[in-house]
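**Q** structure of the sequence below:
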Amino acid sequence: MRLAVVSSDGENVDLHLGKGKNVFVYDYEDGLNFVEKRAVDIDENSKHQGSKVLKACEDCDVLIAVEYGFKSKIKAEDMGIKIVTDEGPIDDVLNRYIDHYNFMKN
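**A** Numbering: from 1, shown residues only. Below is the predicted model of the structure:
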């Protein structure tokens with residue numbers, strides 16, 4: 001499973017999806033492994049830029065941000081990406097999601 005988080009600093013999930021200038025991508029199989037940081041060309045003065053972030057994450061299964069808009073939710077569903085809301089340190093956020101994912105699997 002490939003997961004992406006929206007972060008301003010690489011340490012915390014702390015941004016709305018449409019403000020995500022940086023996306024940090026991880027793979028989860030037997031453990032969690034960092035893949036890469038992806039830069040997104042976000043104009044700070046514009047609204048509704050979630051589609052840019054989604055495009056940068058089109059190979060991801062899950063995208064985690066503090067918030068997201070309705071249009072982004074619909075577009076993500078069309079792309080097969082699950083959007084999750086959470087915030088806090090990236091490690092904590094990812095581990096919470098993985099714990100939930102594993103619990104739901106069993």
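**Q** so residue 1 makes contact with residue 28?
**A** Yes. Using CB atoms under 8 Å, residue 1 is in contact with residue 28, at 4.9 Å. Glycine gets a C-beta too; all of them are placed from N, C-alpha and C.
**Q** higher neighbour count, these two?
**A** Counted by other CB atoms under 10 Å, residue 1 and residue 28 do not tie: residue 28 has more neighbours, with 17 against 14.
**Q** beta partners of the more buried one?
**A** residue 32 (DSSP bridges).
**Q** next up, the contacts around the closest residue to residue 43 other than its chain neighbours.
**A** Nearest residue to residue 43, sequence neighbours excluded (CB to CB, 6 or more residues apart in numbering): residue 49, at 6.9 Å. Taking CB atoms under 8 Å, 6 or more residues apart in numbering, we find residue 49 in contact with 18-19, 42-43.
**Q** so can I have CSV of these showing pLDDT and neighbour count?
**A** Formatted as CSV, those follow (pLDDT from 0 to 100; neighbours: other CB atoms under 10 Å):
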residue, pLDDT, neighbour count
18, 90, 23
19, 90, 20
42, 87, 17
43, 85, 9
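**Q** once you drop chain neighbours, what's closest to residue 53?
**A** For residue 53, the spatially nearest residue (CB to CB, 6+ apart) is residue 20, at 4.4 Å.
**Q** kindly tell me how buried that neighbour is, as a neighbour count.
**A** 31.
**Q** how about the top helix by length along the chain: buried residues?
**A** Across the chain, the helix with the greatest residue count (assigned by DSSP state H) is helix 90-105. The neighbour-count check on helix 90-105 (16 or more other CB atoms under 10 Å) flags 90, 93-94, 97-98, 101 as buried.
**Q** what is the mean pLDDT for it?
**A** The average pLDDT within helix 90-105 is 92.
**Q** who's in contact with that helix?
**A** With CB under 8 Å, 6+ apart, helix 90-105 has contacts from 1, 3, 5, 7, 10-13, 24, 26, 28, 32, 62, 64, 84, 86-87.
**Q** which of the residues you listed are buried?
**A** 3, 5, 7, 12-13, 24, 26, 28, 62, 64, 84, 86-87.
**Q** what does the pLDDT read for residue 45?
**A** For residue 45, the model assigns a pLDDT of 80.
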